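Engineer: Take a look and give me a structure for this.
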Amino acid sequence: MSKLFTFLFFLIWNFSFSQLTVSTKYIEIYSWDDEKDAWGEIIVEDDQFSFFEFNEEMTFLNFTTIKEKTSFFLTDSEYSEEHEHFSYEVTSDSGYESTLIVDLKSDLPNIRLVIDVEDSNLLIRYTVKNYWFEDEE
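Structural biologist: The predicted structure is shown next:
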């Protein structure tokens, strides 16, 4: 039953219009350094073009790279007035959970994913190339 519900949910959202689309041009991955209590050195950096396509309600996201397409459900939306960004708890179509931070107002606009991987935490930062909002119809 849950597979049918998931399939129908993805089918419906694939035909809806996006409210926000973000293209990215660069990726950096950091691991958490427990000794410094901060993000450590960059462990991966690369030119990587990708798209984040959010639905109108900002509850669903399609993430597309050259190699893959993943969908995410977005919940627990929070806006930080101090940092001027939105954060969400996200669950991928395969059930993987992480935190998504959409930071379009910073000097270097970016989207970040914070992920628990086995015994460590990773920060994946995508540098924004461009973003746009689609008109409602």
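
Engineer: So which residues of this structure form helices?
Structural biologist: With helices called from DSSP state H, the chain shows them at 2-14.

Engineer: mind exporting the longest strand seen in it as PDB, just the C-alpha atoms?
Structural biologist: Assignment by DSSP state E gives strand 38-55 as the longest strand of the chain. C-alpha atoms of strand 38-55 as PDB (Å, rounded to 0.1, in the frame of the first residue of the first chain):
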ATOM      1  CA  ALA A  38      33.400  22.800  13.700                       C
ATOM      2  CA  TRP A  39      33.300  21.800  10.100                       C
ATOM      3  CA  GLY A  40      36.700  20.500   9.000                       C
ATOM      4  CA  GLU A  41      38.600  20.900   5.800                       C
ATOM      5  CA  ILE A  42      37.000  20.300   2.400                       C
ATOM      6  CA  ILE A  43      37.100  16.600   1.600                       C
ATOM      7  CA  VAL A  44      35.600  16.900  -1.900                       C
ATOM      8  CA  GLU A  45      35.200  19.900  -4.200                       C
ATOM      9  CA  ASP A  46      34.200  19.800  -7.800                       C
ATOM     10  CA  ASP A  47      32.300  21.600 -10.600                       C
ATOM     11  CA  GLN A  48      28.900  19.900 -10.500                       C
ATOM     12  CA  PHE A  49      25.800  21.300 -12.200                       C
ATOM     13  CA  SER A  50      22.500  20.400 -10.700                       C
ATOM     14  CA  PHE A  51      19.000  21.600 -10.300                       C
ATOM     15  CA  PHE A  52      16.700  21.900  -7.200                       C
ATOM     16  CA  GLU A  53      13.100  22.200  -8.300                       C
ATOM     17  CA  PHE A  54      10.700  23.000  -5.400                       C
ATOM     18  CA  ASN A  55       6.900  22.700  -5.700                       C
END
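
Engineer: So which residues make contact with stretch 37-54?
Structural biologist: Contact with stretch 37-54 is made by 18-33, 60-66, 74, 111, 123, 126, 129, as judged by Cβ atoms under 8 Å, 6 or more residues apart in numbering. In this view, the C-beta of every residue, glycine as well, is placed from N, C-alpha and C.
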